[in-house]
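Participant: next input, structure requested:
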Amino acid sequence: MHSDSICTLAIIPPSNSLIETPNRHLPTHQSTSFFRHPGAEMIDLDDAIDKLRKCQHLPEHDIKCLCDIVRSILMEESNVQPVASPVTVCGDIHGQLWDMIEMFRVGGQPGETNYVLMGDFVDRGHFSLETFSLLLTYKARYPDRITLLRGNHESRSITQVYGFYDECHRKYGNANVWKACCNVFDCLNLAAIIDSTILCVHGGLSPEIRTLDQIRVLSRAQEIPHAGAFCDLMWSDPDDIVGGNWSVSPRGAGWLFGAKIAQEFNHANAIGLIARAHQLVQEGYKYMFAPEDNLVTVWSAPNYCYRCGNVASVMCVDAGGAVNKQTSFKLFTAVPNQTRVPTDKAGTSQYFL
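Facilitator: Residues are numbered from 1 along each chain as shown. Now for the predicted structure:
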């Protein structure tokens, strides 16, 4: 299929006849299990989900069309996407497909449970392609029930270093799918706000951002810049800095920010909690900046890089619970090796830190 072909969605009404909506998702965000693109067969999203959950990657033309469909959905969403509780919040996944499937078993299946996933879907794990494809398929199938935030690894430059580019090239023999996925990266939400009181973002805060409105007006349809507000949202980390202010980050991008910065930002925006990912936490989650505990790191890749031995978690926000920071955590461990596709089928990863 030519890369600029127009994809269309179709729903199956009770009569089983087809209704097509050209070049955009359904205006009411109705979930639909089928989509069609010119010159190809009807694609069943539920069937695609089943295949991807078995670690079977989809044909190239299907993935490229799926990327087009999801981009059209994302482009109608906000930089700071509003989300209502109840909702489950997830941290980094990094291509650990089987552990993500376990995460959904523990946290609730998409379509039945609302999700905010805070980025870093790809790189380092063996199955970044299938992981991101499955998330795209869930987004197309249940557009109002899953929110996908951008992480620092949803980037052309980073994925060429840490594995996703090479994986796509190995599995398809070219870079076309990688390019299509990168175009989706450019449309991912920068943040989500749960019940107006819990801010979800991949990395952290920026000295250039004091209000949520300043995030809302950023131009997100681009590669992550090397510096500035957009970059900081992806790369910054909280730290127990003396004085609680800003400090230079050892990552070489973003900033370290302390308790004073988090407290001032939360107060200015009437936020009770910042939820973020981006850093490995051996216990699966970690609150910071006592006694307020107004920031939490959520990590959702168990036994990270297949060797770190950590547990993982998802954060559950009950209906109406965001206002009083009434959250709970479900912990899970990596699935046993015998339940995975043998890693020699995926190739040995060269991208672990």
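
Participant: surely Gln222 is in a helix?
Facilitator: No: counting by DSSP: H, G, I helix; E, B strand; the rest coil, Gln222 is located in no helix; its state is coil.

Participant: can I get stretch 247-257 as CSV, trimmed to CA atoms?
Facilitator: C-alpha atoms of stretch 247-257 as CSV (Å, rounded to 0.1, in the frame of the first residue of the first chain):
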residue,chain,number,x,y,z
SER,A,247,19.5,21.1,39.4
VAL,A,248,21.4,19.9,36.3
SER,A,249,20.3,16.3,35.3
PRO,A,250,23.1,13.7,34.8
ARG,A,251,21.0,12.4,31.9
GLY,A,252,22.1,15.3,29.8
ALA,A,253,18.5,16.2,29.1
GLY,A,254,15.8,17.6,31.3
TRP,A,255,16.3,18.7,34.9
LEU,A,256,16.3,17.4,38.4
PHE,A,257,13.6,19.1,40.5
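
Participant: who does the closest residue to Gly108 other than its chain neighbours form a beta bridge with?
Facilitator: Spatially, and ignoring its direct neighbours in sequence, Gly108 is nearest to Thr88 (6.3 Å; CB to CB, 6 or more residues apart in numbering). For the C-beta atoms, the positions are set from N, CA and C on the backbone; glycine is no exception. Bridge pairing for Thr88 (DSSP bridges) gives the partners Tyr115, Cys316.

Participant: check contacts around Thr88.
Facilitator: 107-108, 113-116, 314-317 (CB atoms under 8 Å, 6 or more residues apart in numbering).

Participant: what about 7 Å?
Facilitator: 107-108, 113-115, 314-316 (CB atoms under 7 Å, 6 or more residues apart in numbering).

Participant: ChimeraX command for the buried members of the residues you listed?
Facilitator: Of those, the buried ones go into a single ChimeraX selection, burial set by 16 or more other CB atoms under 10 Å:
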select :107,108,113,114,115,314,315,316
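
Participant: for the contacts of Thr88, which one is nearest Asp240?
Facilitator: Using CB to CB, Met315 comes nearest to Asp240 of the contacts of Thr88, at 21.3 Å.

Participant: quick one: contacts for that closest one?
Facilitator: Contacts for Met315 (CB under 7 Å, 6+ apart) come out as 88-89, 275, 285, 296, 298, 327, 329.

Participant: before we move on, what about Asp186?
Facilitator: Each residue near Asp186 by CB under 7 Å, 6+ apart is listed here: 221-222.

Participant: let me know the pLDDT of it.
Facilitator: On pLDDT, Asp186 comes in at 99.

Participant: same thing with the one 4 residues further on?
Facilitator: Among the per-residue scores, Leu190 holds a pLDDT of 99.

Participant: repeat for Cys65
Facilitator: Looking at Cys65, its pLDDT reads 92.

Participant: what of the one 3 residues further on?
Facilitator: What the model reports as pLDDT for Asp68 is 94.

Participant: for whatever helix or strand it lives in, list the C-alpha coordinates in CSV.
Facilitator: When elements are assigned from DSSP states H and E, Asp68 belongs to helix 60-74. What follows is helix 60-74, C-alpha atoms only, in CSV (Å, rounded to 0.1, in the frame of the first residue of the first chain):
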residue,chain,number,x,y,z
GLU,A,60,3.3,-4.3,7.0
HIS,A,61,0.3,-2.7,5.2
ASP,A,62,-2.0,-3.4,8.2
ILE,A,63,0.4,-1.8,10.7
LYS,A,64,0.8,1.3,8.4
CYS,A,65,-2.9,1.6,8.2
LEU,A,66,-3.4,1.1,11.9
CYS,A,67,-0.9,3.9,12.5
ASP,A,68,-2.9,6.2,10.2
ILE,A,69,-6.1,5.4,12.1
VAL,A,70,-4.6,6.0,15.5
ARG,A,71,-2.9,9.2,14.4
SER,A,72,-6.4,10.5,13.3
ILE,A,73,-7.7,9.7,16.8
LEU,A,74,-4.8,11.3,18.6
